[in-house]
Structures are given as C-alpha cells and as structure tokens.
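Peer 1: Need coordinates for the below:
(one chain, ligands or ions: 2)
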Amino acid sequence: MSVPPASRRLQWTDVPLRMRTHLEGELGAPAVNVVTPAGGFGHQLAAAVRLADGRRVFIKAAPDDDSLTHANTHEAAVLTALPPDAPAPELLGVHRTAGWTAVVIAHLDGPHPDLSPAAHDAGQTWALLDKLTSAPAPAAYVEAVSGTSSTSASLHGWAELATTPPGDLAPAARDQLPRLVDLESRWPALADGDRIVHGDLRADNMVHDRARGVTFVDWAHATTGPACIDAASLAPQLVLAGHPVTDVAALLRDHAATATSPATTTAYLAALTGHWHRNARRPAPAGAPGLRTYQHRAAAAGLALLMTRL
Ligand SMILES: Nc1ncnc2c1ncn2[C@@H]1O[C@H](COP(=O)(O)OP(=O)(O)OP(=O)(O)O)[C@@H](O)[C@H]1O
Ligand SMILES: [Mg+2]
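Peer 2: Numbers count the residues shown, from 1 in each chain. Ligands and ions are numbered 1, 2, ... in the order given. Have a look, this model is predicted:
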C-alpha cells in the first residue's frame, strides 16, 4: 500500500548544534548519516540517525514551544509503560537542551508493512491488535495516558456537514445523513474503555522490522478506550490497500476486538468517517500537502464500510 506523502519536516541540521552535540555525547558516537523516512504529516524532526560505530537510532525532536514536543514526550511515556510484548520499539531516552526536546527510540529496520491482499502483513497486524486488546491495559500504561484526552473520543463531522451538505457529498452519505448524524452523536458516550488504543493506526505508523515483524510506531495519540478503535481505524486502510469492502466488513464482524461491540464499532466508524468527510473539505494546512487528498480517499473507504453495517 502506498503511504501518504511526507510532510515538510524539520531536518537534522535544523536542530540547534548544542542539542546535536549533546545527543551525540549521550549516544556515545557522532551522527554520520540521517534519513527522514517517507510517511506521516507531522513537521517535527523524525529521522533515522546512523552513528559512526554503525548503530542506528530513531530521533523525534521539536522546539519546546511546539505542540509536537508535548506529543513526543507523551509518546515517550507511553513507550516505557506498554507491556513488554507490545508491538512497539523501546524508548532509549528523552533529552532537553537549547530549548528543544529530543526523544530517542530504538531503530526499526524495514519498510512500512504491505497491507495489500497479496501480502501477509494485514493478517499479522490484525493478530497483533487481537493480542493488544485482549486484556485491560496495565496500570502503568493507564497512568501514562491519564493526563491526555483522547482524540478518538472527539471525532465527529456529520452534524456539521448536514447543516449545509456540500455539493460533492457522495449520494450514499447524502441519503443517510440523519442516520449518520445520529450514529456519531452516540460515539462520545461509548468512547470510554480500559484497553490500549494506539489511536493513529495506518501503514505509515507501522514498520515491518526485519527481525520483529510488523511493529507499531508513533504512539503520540495513545490512550485507553474500547477494544474496537484500532481495528475499526485499520479497516478503511485495508480497503485503501485493495481489499474488497465485503471482505473487510466480514473481518470487522468477526474480529475479537470488534465482534463483541457492534454498536460501538459502528458509532466509531460513523464518527471517524464524519471527521474525514468534514476535514477533507477544509483548506490544506501548511506543511502537509497530501493530507486532504488522503482524507478524501479514506472518507470514501470508511463510508463504503459503514454502509455495509447500516
Ligand atoms: N523506531 C523507528 N525506527 C525506524 N523508523 C521509524 C521509527 N519510528 C517511526 N519511523 C518512521 O518514521 C516515520 C515518521 O515517524 P512518526 O510517525 O513517529 O512521526 P510523526 O511525525 O509523529 O508522524 P505523523 O506525521 O504521522 O504524526 C514513520 O512513518 C516511520 O516510517
Ligand atoms: Mg506518523
């Protein structure tokens, strides 16, 4: 599956020299090569850094007054609190120098997973989600995410679209607007739960590490919630990757994380697709050129899935 185009990110040389020198001192070797992987929409430094002794680390960094620093330190807290067998890289350190904060994470070696029907990565991802959500989140994780509100819980869009339906709204959505508004209005009351939620699961927030297999990265939006959130978020991604809608709808019906809570799953899908349909029509934010196009495609895939459940 193709991943959304990379945003215009801060580069290694944008990081103050004092911070770079500090990091090289802490890591015990100078950086000799820095690669910014494709994927994602954030503007902070997010780069694979090769050190002179051959080791590689992954570094995310931004100025302290940038909101992404809060997201990065939240991610760092989550990485230390996840269960040891969670599909996530280890946190190696958090460093604050020269008005910047850098989070250093173990480097994963490999491409984004191939979620297309031709590959095995979608099945592996589905199995990882099953395991991740099969038991309540451990206390350390609950503590780590307790100060952060869930972005998943606040997703919505249909009510706004229903007030003046855009001319290009898909006929399927136009015909069902009152139902979609009703469904998304139910979501906030269903959004509480005790399971680990990654909260932003797409192919570009996963790496197929050569040794570990599919591993989830970018835990900046992690919270607790119902088990269905990540599986229901992944489902439209599978449609975008080429899986027939009917196959993905059947997976959602039968998967452990979604089968036992069909009403919550449907309400979440309504809120998510409403968010995509609404946001795709907003002006593009600076520095994220591919975002709106991606949201239009995701909106259509999510709506096709949702329609199978109405
Ligand atoms: N530990 C890692 N090892 C190797 N590559 C990684 C690692 N973590 C992330 N990546 C790669 O770097 C990219 C950007 O990382 P990440 O998604 O964490 O940054 P981000 O700026 O928070 O992203 P977004 O724009 O989605 O918010 C990912 O799409 C992935 O390809
Ligand atoms: Mg990302």
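Peer 1: From here on, just use CA atoms for contacts and neighbour counts.
Peer 2: Fine.
Peer 1: what about the closest residue to residue 100 other than its chain neighbours, how many neighbours?
Peer 2: Spatial nearest neighbour of residue 100, chain neighbours left out: residue 63 (4.2 Å); criterion: Cα to Cα, 6 or more residues apart in numbering. Residue 63 is surrounded by 19 other residues when neighbours are defined as other Cα atoms under 10 Å.
Peer 1: What's the nearest residue in the stretch 51-200 of the chain when you look at ligand 2?
Peer 2: Sorted by distance to ligand 2 under Cα to the ion, the residues of the stretch 51-200 of the chain start with residue 200, at 7.8 Å.
Peer 1: which ones are touching that residue?
Peer 2: Each residue near residue 200 by Cα atoms under 8 Å, 6 or more residues apart in numbering is listed here: 218-219, 221-222, 230, 233.
Peer 1: Format these as CSV; extra columns: pLDDT, distance to residue 152 and neighbour count.
Peer 2: Putting the contacts of residue 200 into CSV (pLDDT from 0 to 100; distance: Cα to Cα, whole Å; neighbours: other Cα atoms under 10 Å) gives the following:
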residue, pLDDT, distance to residue 152, neighbour count
218, 97, 15, 24
219, 98, 13, 23
221, 95, 9, 21
222, 97, 10, 25
230, 97, 10, 25
233, 97, 10, 21
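Peer 1: element containing residue 232?
Peer 2: Secondary structure assignment for residue 232, by DSSP states H and E: helix 228-240.
Peer 1: Just the C-alpha atoms of that helix, please, in CSV.
Peer 2: In CSV, the C-alpha atoms belonging to helix 228-240 read as follows (Å, rounded to 0.1, in the frame of the first residue of the first chain):
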residue,chain,number,x,y,z
CYS,A,228,-12.6,-1.8,18.7
ILE,A,229,-11.0,1.6,18.0
ASP,A,230,-7.7,0.5,16.3
ALA,A,231,-9.3,-2.4,14.4
ALA,A,232,-12.1,-0.1,13.1
SER,A,233,-9.5,2.5,12.2
LEU,A,234,-7.4,-0.1,10.3
ALA,A,235,-10.4,-1.4,8.4
PRO,A,236,-10.6,1.5,5.9
GLN,A,237,-6.9,1.3,5.5
LEU,A,238,-7.3,-2.2,4.3
VAL,A,239,-9.9,-1.1,1.7
LEU,A,240,-7.4,1.6,0.5
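Peer 1: quick one on the thing from earlier: give me every residue that touches the residue nearest to residue 100.
Peer 2: For residue 63, the set of contacting residues under the criterion of Cα under 8 Å, 6+ apart consists of 69, 99-101.
Peer 1: In PyMOL, how would I select just the buried ones from the residues you listed?
Peer 2: Of those, the buried ones can be selected in PyMOL as follows, counting by 16 or more other Cα atoms under 10 Å:
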select buried, resi 69+100+101
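Peer 1: From the contacts of residue 63, pick the one nearest residue 92.
Peer 2: In terms of Cα to Cα, no member of the contacts of residue 63 lies closer to residue 92 than residue 101, at 13.6 Å.
Peer 1: wait, doesn't residue 217 sit right on residue 208?
Peer 2: No - if you go by Cα atoms under 8 Å, residue 217 and residue 208 don't touch, sitting 10.4 Å apart.
Peer 1: Where do the helices of the chain begin and end?
Peer 2: With DSSP state H, the ranges of helices along the chain come out as 17-27, 67-81, 121-132, 139-145, 158-163, 171-175, 177-190, 228-240, 245-254, 256-259, 262-279, 291-307.
Peer 1: Put together a markdown table for those helices, with distance to ligand 2 on each row.
Peer 2: Below are those laid out as a markdown table (distance: least, Cα to the ion, whole Å):
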| stretch | distance to ligand 2 |
| --- | --- |
| helix 17-27 | 22 |
| helix 67-81 | 11 |
| helix 121-132 | 16 |
| helix 139-145 | 18 |
| helix 158-163 | 26 |
| helix 171-175 | 29 |
| helix 177-190 | 25 |
| helix 228-240 | 14 |
| helix 245-254 | 23 |
| helix 256-259 | 23 |
| helix 262-279 | 17 |
| helix 291-307 | 12 |
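Peer 1: Which of those sits closest to residue 56?
Peer 2: Closest to residue 56 of the helices of the chain is helix 17-27 (Cα to Cα; 10.1 Å).
Peer 1: The closest residue to residue 112 other than its chain neighbours and residue 39, how far apart?
Peer 2: What sits nearest to residue 112 in space, not counting adjacent residues and going by Cα to Cα, 6+ apart, is residue 207, at 4.5 Å. For residue 207, the distance to residue 39 under the criterion Cα to Cα, to the nearest Å works out to 11 Å.
Peer 1: neighbour-wise, which of the two wins?
Peer 2: Between residue 207 and residue 39, counted using other Cα under 10 Å, residue 207 has the larger neighbour count: 22 against 17.
Peer 1: Find the centremost residue of this protein, please.
Peer 2: For the chain, the residue nearest the mean C-alpha position is residue 200 (1.8 Å; Cα atoms, centre = their mean).
Peer 1: Give me the distance between that residue and ligand 1.
Peer 2: 8 Å (Cα to the nearest ligand atom, to the nearest Å).
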